[in-house]
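S.K.: Sequence first, predicted model second:
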Amino acid sequence: MIIDTHAHYDDESFNADRDEVISSLPAQNIAAAVTMGADLPGCRDSVKLSQKYPFIYCGVGLHPDHVGKLNDASAAELYELAKTSKCVCIGEIGLDYHWNIEPREVQISGFREQIHMAQELGLPFNVHSRNAAQDTFDVIKEEDHGRTGGIIHCFSGSREMAREYIKMGYYLGIGGAVTYKNSRTLKKVVEDTPLEYLVTETDCPYMTPEPLRGKRNTSANIRYVIDAIARLKEMDRDRAEEILFDNALKVYRLKI
């Protein structure tokens, strides 16, 4: 069985066939998928999806592109959404220095505040980090240091940074990028990191793995990610799937 630890089924690219796509997942060996909010409307929609489908769970949080809207009212709403029965994390939250839509100091402040929210609620967090590897690491080390735990989504850092994260007990999210020919650093990270600290994700509808790159992604394609991880680890594919499944259960405190 497979768990997709990071998806976006609230995305408008699923508007025409959302129910068909989601309903098809159990038959494709997907035991659960966690759909992430990135802004308040997305968080509300993700909660609704989790309430509609028994195998869909959700995360709520403001992505760094939207964290400028974090204020007393929005934080209070996020807090209430996070207390719903199938919310398993605060996410996706973090830092994005690629687009710099929000000032860096605003991103960092909002990241810290949402980590504190995760701690208050006893939930792990799911972290977005783009072109901000050191600042992301520093904030997590300062504010949490393994206290709440969580996933570094779409991990793109070095092997050295990966080692520091797992020392603190965090998991690395591995998605479609591991199947790309030019993802040499990520492949080295996967080879170097104990399998017990990896989880699978799609970030669908984005990050579609080879051989389907260029098409809309869904949780069903996570099998290509598991295939790639098993090859890099030089281990039995089914055994890799079992361990990755157990890791997702642990980090999200799920019982399936």
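M.R.: That came through, no problem.

S.K.: For Pro41, what are phi and psi?
M.R.: Backbone dihedrals for Pro41, given as degrees, to the nearest 10, come out at phi -60, psi -40.

S.K.: Tell me, how many residues neighbour it?
M.R.: A total of 11 residues lie near Pro41 under the criterion other Cβ atoms under 10 Å. The C-beta positions use only the backbone N, C-alpha and C, and glycine is treated the same way.

S.K.: what's the nearest residue to it if we skip its chain neighbours?
M.R.: Ranked by Cβ to Cβ, 6 or more residues apart in numbering and with sequence neighbours excluded, the top spatial neighbour of Pro41 is Asp10, at 8.0 Å.

S.K.: Next up, the contacts around that neighbour.
M.R.: 35, 37, 41-42, 45-46, 49 (Cβ atoms under 8 Å, 6 or more residues apart in numbering).

S.K.: Closest one to Thr148 out of the residues you listed, please.
M.R.: Set against Thr148, the nearest of the contacts of Asp10 by Cβ to Cβ is Gly37 (18.0 Å).

S.K.: What is the burial count for the nearest residue in space to that closest one that is not next to it in sequence?
M.R.: Among residues not flanking Gly37 along the chain, Cys43 sits closest, at 3.0 Å (Cβ to Cβ, 6+ apart). Neighbours of Cys43 under the rule other Cβ under 10 Å: 27.

S.K.: same deal with the one 3 residues further on?
M.R.: Neighbour count for Ser46, taken as other Cβ under 10 Å: 29.

S.K.: just checking, what packs against whatever helix or strand it lives in?
M.R.: Ser46 is part of helix 40-52, with elements assigned from DSSP states H and E. Using 3 or more Cβ pairs under 8 Å, 6 or more residues apart in numbering; DSSP states H and E, the elements in contact with helix 40-52 are strand 30-36, strand 56-60, helix 72-82.

S.K.: quick revisit: next, the contact list for the residue nearest to Gly37, please.
M.R.: 37, 58, 60-61, 78, 81.

S.K.: per-residue confidence for it?
M.R.: Here, the pLDDT recorded for Cys43 equals 98.

S.K.: And Ile256, by the same measure?
M.R.: 87.

S.K.: which one is it nearest to, not counting chain neighbours?
M.R.: Ile256's closest residue in space is Ala31 (Cβ to Cβ, 6+ apart), at 5.4 Å.

S.K.: That neighbour reaches Phe55, doesn't it?
M.R.: Yes: between Ala31 and Phe55 a contact is recorded at 6.5 Å, counting by Cβ atoms under 8 Å.

S.K.: quick revisit: could you single out the nearest of the contacts of Asp10 to Arg213?
M.R.: For these, the nearest to Arg213 is Thr35 (21.9 Å; Cβ to Cβ).
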